[in-house]
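# Would you be able to build a 3D model of this:
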Amino acid sequence: MSPRAWSIYRSLPALVVLAAGCGGKSVEGTPFQHTDSGFPDITARETGSGSDRSSDLGAGGASGSDGGASDRNTDGGIPGVTVAVSVDSPADNDIVPTAQRFVPQVTVVVTVPAGAISDNLDTVVAELWSTGGMAKKISSTALTLTSKLGMIGAGTNYVYAETPVDISGLPSGAYELHLTATTLSGASGTAVRMFRGDSGPTITVAKPAQGNAYKGSIAAQVTITDAIFAPISGVTMSVGSHVLTPSGPTGTPANQWTTLIDFNAYMPPLDGEQLFAVSATNSNGTKTSASVRFVIDNQGPSITTTVPVVGTIIGSITTIAAVVTDPASVLDSSVVAVVAHGGETFTVPLDPDPSTAGRYSHQFDTRLLDVHDLYPTVSFRASDLLGNESSIGYTVALDNTPPLADLDPPTHFRVRVKSASIWSCSWGFDPLGSDAVDDGEKTAQLFDVRARVEDRGNTPLAGTADIIPISLVDPGRVELLVLDDTTQPLVVDSDGDGVCDKINPLLVPTTTPMSSKDALLVNLIPIPSTGHADLTSDPSILNDPTLPCVPGTDATHPDPLCYTTDLTMAIPYTTGSEPAIWTLAPVVPSGLQCVGNQFDAFANNVHDGWSCMAVRAADKLGNVQVSRVLRVCVDHDGVGNECPHQSIIGITNATPVGITTPAPHGLSTGDDIVISRADAIVANGRWIVTVTGPNTFTLNGSQEDDLHIGDGASAVWVRSSVLPDCTGTQTSIQPVTVTAATRCTPWNLYPSKEVLTIF
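Coordinates of the predicted model:
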């Protein structure tokens with residue numbers, strides 16, 4: 001034993017009990033702080049008291065009530081060996097702050113009778129117990145030997161003064177420390193020491209609540225209690241570096257403390273995350289602290305990840321969404337989007353998205369907006385539960401105009417290019433090629449079908465726009481539909497405005513039509529923009545003051561794209577480079593299928609006689625429209641009795657073009673006819689005629705074809721009035737009803753005498 005340990009041992013009253021041994025495990029602790037106590041002096045207690053302590057002391061042990069030692073043999077030990085346990089610290093009824101660990105100081109004296117076998121100390125275990133009728137063991141700690149000293153005639157002294165016992169977190173109250181020392185032979189001794197734990201005042205912050213958000217100011221509410229070491233003093237409160245003045249105690253019992261936190265009373269005003277701290281001291285001088293984090297929220301919700309994003313092109317049915325968050329929580333009913341529309345607006349309430357925290361969304365039908373709106377503003381508004389509001393807004397581009405498709409666009413189409421500051425125009429040409437089928441034409445089994453398809457954008461009510469936003473044609477949704485039962489409409493008006501806007505819903509689009517309810521559906525693909533228009537000199541340009549150009553100056557005519565067509569150019573969009581001509585797959589630019597494949601009426605079960613054709617096209621935003629109907633009379637068996645067309649035996653290539661029939665034609669000046677299958681292609685198309693004889697007439701407005709010099713010998717003609725209409729009106733959705741009695745007109749047409757500028 002060290003001199004210091006021996007001095008402690010000699011100067012303090014010993015608490016010694018002899019008993020049988022017991023074991024335990026180590027639990028760390030911290031040093032004691034001793035203060036005076038008003039509790040009765042208790043030097044030792046009967047270890048058998050409590051609910052289960054007698055079994056923990058060992059079968060052969062007993063404790064004395066006077067703190068002395070009793071010599072007694074123990075079961076399993078060496079006869080006559082005594083084990084004296086004395087607790088040097090803590091003192092009886094010592095007050096120990098439970099916020100710390102304490103180190104008990106224990107001395108064990110093992111005495112062996114003269115002539116007996118020596119016996120060394122094996123373990124010393126400190127057990128921490130609660131007190132009262134339901135006393136329980138809290139922890140068990142094996143102490144580590146500090147020093148050992150053999151004393152002549154006084155046995156061997158073992159000092160334990162370095163092992164901490166953990167009492168952190170214990171509430172204020174009375175506790176017992178049980179010490180049990182056991183030798184290698186099994187002899188044991190015990191001692192019990194009572195002390196009082198002081199955990200300091202209990203601080204409960206009712207307001208502000210942890211993590212909550214507040215606006216303007218808050219009346220902080222704190223409860224401070226100490227059931228054993230009252231009264232409370234030294235109460236301090238602060239927010240960050242700002243010291244507050246608490247008021248209290250009040251209430252019943254008087255343990256309530258309050259203070260007003262005015263967020264705007266500081267410079268700069270308090271904002272964002274804050275820490276509210278409280279401390280208090282009890283009568284024993286033990287100080288405790290508590291703190292809560294809260295948020296000062298003077299701002300509206302954060303609105304991010306908005307859909308559509310700035311500048312996005314929207315159209316058809318679109319999603320409007322945003323991620324809206326706020327420390328004070330978002331008021332769900334306040335989250336709205338507002339879409340500008342002229343002198344009014346559309347308010348779209350946004351709903352919480354159950355799959356994504358903080359996301360709000362809803363569908364909006366942009367077709368409610370006018371086709372003259374190009375750049376509407378979309379704004380978002382939201383409030384939090386504190387009443388803070390925020391909003392953001394920006395412009396988007398609008399395209400709720402569908403693509404324009406036509407199977408027989410005007411043939412007086414020109415291209416103009418600029419050279420040396422001079423705009424030159426090409427010869428007029430059919431943008432689909434004169435080999436493509438025209439409306440009212442009589443065809444054989446195989447014929448070329450092409451369509452001009454361009455996405456259209458919204459246009460200003462007046463003036464012009466620098467840029468027209470368009471989403472472009474969806475390449476997977478350009479479809480040719482063919483119906484050979486002309487008693488029912490192919491396209492209908494579904495909304496009562498008189499404009500054809502959809503395929504007859506009573507028809508079943510299919511790739512294998514087998515009945516009159518089936519409409520053949522074939523997807524079209526684009527021909528890449530390529531080739532050149534004929535920019536050799538066209539003298540008619542100088543005679544047309546409406547044309548913004550002069551005749552071209554090329555020396556030679558361009559070659560066709562391939563030998564299966566007379567088309568020299570596959571045109572792009574009116575603005576941009578997207579392909580505008582669509583055809584049947586495949587398209588092989590370097591081969592004979594440079595403009596696609598022909599349509600096979602026989603192979604696709606399209607019967608002889610009149611058939612109706614139309615194109616349905618959608619843009620990438622889902623805006624859908626149908627083309628005007630193209631009527632063809634199929635004669636795949638060569639008999640021709642299903643088609644009312646009459647023969648032409650002569651075509652004079654002049655201005656105007658003259659026509660000769662083998663029999664009296666029966667026409668009158670002003671009649672409307674369609675000429676097809678003419679070997680002089682200048683004659684093909686729809687014309688108003690001027691009768692020059694019983695077997696002759698001329699075509700009003702026609703001009704000599706300088707590109708294809710020479711007369712023609714054969715063609716067929718038919719009155720336009722005999723062409724089937726192929727349109728109707730949908731009069732009911734549930735059940736679906738359609739009538740052919742009420743016809744519809746095309747939504748839009750490509751302009752006549754159009755000039756495409758190539759930059």
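
# Please make it C-alpha for all contacts and neighbour counts, starting now.
Fine.

# Report how many residues lie close to the residue lying closest to residue 547 once chain neighbours are set aside.
Spatial nearest neighbour of residue 547, excluding adjacent residues (CA to CA, 6 or more residues apart in numbering): residue 541 at 6.9 Å. Residue 541 is flanked by 20 other residues according to other CA atoms under 10 Å.

# Help me confirm that residue 541 is found in a helix?
Yes. Counting by DSSP: H, G, I helix; E, B strand; the rest coil, one finds residue 541 located in a helix.

# which residues touch it?
Listed by CA atoms under 8 Å, 6 or more residues apart in numbering, the contact set of residue 541 reads 425, 547, 549, 550, 551.

# out of those, which are inside strands?
The members of the contacts of residue 541 that map onto strands under DSSP state E are 425, 550, 551.

# hey, what's the nearest residue in space to the second one that is not next to it in sequence bridged with?
Read that as residue 550. If the residues on either side of it in the chain are set aside, residue 550 comes closest to residue 424, at 4.9 Å by CA to CA, 6+ apart. Counting by DSSP bridges, residue 424 is bridged to residue 417, residue 550.

# What separation is there between residue 424 and residue 321?
Taking CA to CA, to the nearest Å as the measure, residue 424 and residue 321 are separated by 50 Å.

# So what's the residue count around residue 467?
Residue 467: 10 surrounding residues under other CA under 10 Å.

# how much space is there between it and residue 396?
The spacing between residue 467 and residue 396, counted by CA to CA, is 13 Å.

# Contact partners for the residue nearest to residue 564 when sequence neighbours are not counted?
In space, residue 564 comes closest to residue 592 once its chain neighbours are excluded; the distance is 6.2 Å by CA to CA, 6+ apart. Counting by CA under 8 Å, 6+ apart, residue 592 touches 562, 563, 564.

# now, which of those residues sits nearest residue 755?
residue 562 (24.1 Å; CA to CA).

# I'd like to know how many residues surround the closest one.
Counted with other CA under 10 Å, the burial measure for residue 562 works out to 17 neighbours.

# Tell me how far it lies from residue 568.
Shown here: residue 562 relative to residue 568, a distance of 8 Å by CA to CA.

# Bridged to residue 207, which residues?
Listed beta-bridge partners, residue 207: residue 221 (assigned using DSSP bridges).

# dump the residue contacts of it.
By CA under 8 Å, 6+ apart, the contact list for residue 207 reads 219, 220, 221, 222.

# Just the buried ones from those residues?
For those, a neighbour count by 16 or more other CA atoms under 10 Å gives the buried set as 220, 221, 222.

# Quick check: the last one touching residue 202?
No. Applying CA atoms under 8 Å, one finds residue 222 not in contact with residue 202, separated by 10.3 Å.

# mind checking pLDDT for the closest residue to residue 691 other than its chain neighbours?
The shortest distance from residue 691 to any non-neighbouring residue, by CA to CA, 6+ apart, is to residue 697 (4.2 Å). Reading off the per-residue confidence, residue 697 sits at a pLDDT of 98.

# Next: residue 637.
According to the model, residue 637 carries a pLDDT of 84.

# pretty sure it is in a helix, no?
No. Applying three-state DSSP, one finds residue 637 to be coil, outside a helix.

# so it touches residue 601, yeah?
No. Contact between residue 637 and residue 601 fails when scored by CA under 8 Å: they sit 10.6 Å apart.

# Show me the shaky parts of this structure.
By pLDDT under 70, the low-scoring segments of the chain are 1-76, 151-154.

# Kindly recompute the last result at 50.
1-75 (pLDDT under 50).

# Would you mind giving the domain segments of it?
The chain resolves into domains spanning 3-198, 202-296, 302-398, 404-457+472-634, 650-713 when parsed by automatic domain parsing.

# Looking at these, which is nearest to residue 731?
When the domains of the chain are ranked by proximity to residue 731, the top entry is domain 404-457+472-634, at 7.3 Å, counting by CA to CA.

# Now find how far off-centre that closest one is within its chain.
Taking CA atoms, centre = their mean, to the nearest Å, one finds domain 404-457+472-634 lying 40 Å from the centre of the chain it belongs to.

# From one end of that domain to the other, what's the distance?
So domain 404-457+472-634: terminal residues 26 Å apart, CA to CA.

# Then stretch 436-446?
The distance separating the two terminal residues of stretch 436-446, taken as CA to CA, comes to 11 Å.

# what's that stretch in contact with?
With contacts defined as CA under 8 Å, 6+ apart, stretch 436-446 is touched by 407-408, 447-450, 598-602, 630-638, 643, 645, 674-677, 685, 716, 718, 720, 723.

# Now a ChimeraX select for only the buried ones of the residues you listed.
A single ChimeraX command suffices to select whichever of those are buried according to 16+ other CA under 10 Å:
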select :407,408,447,448,449,450,598,599,601,602,630,631,632,633,634,635,636,643,645,674,675,676,677,685,716,718,720,723
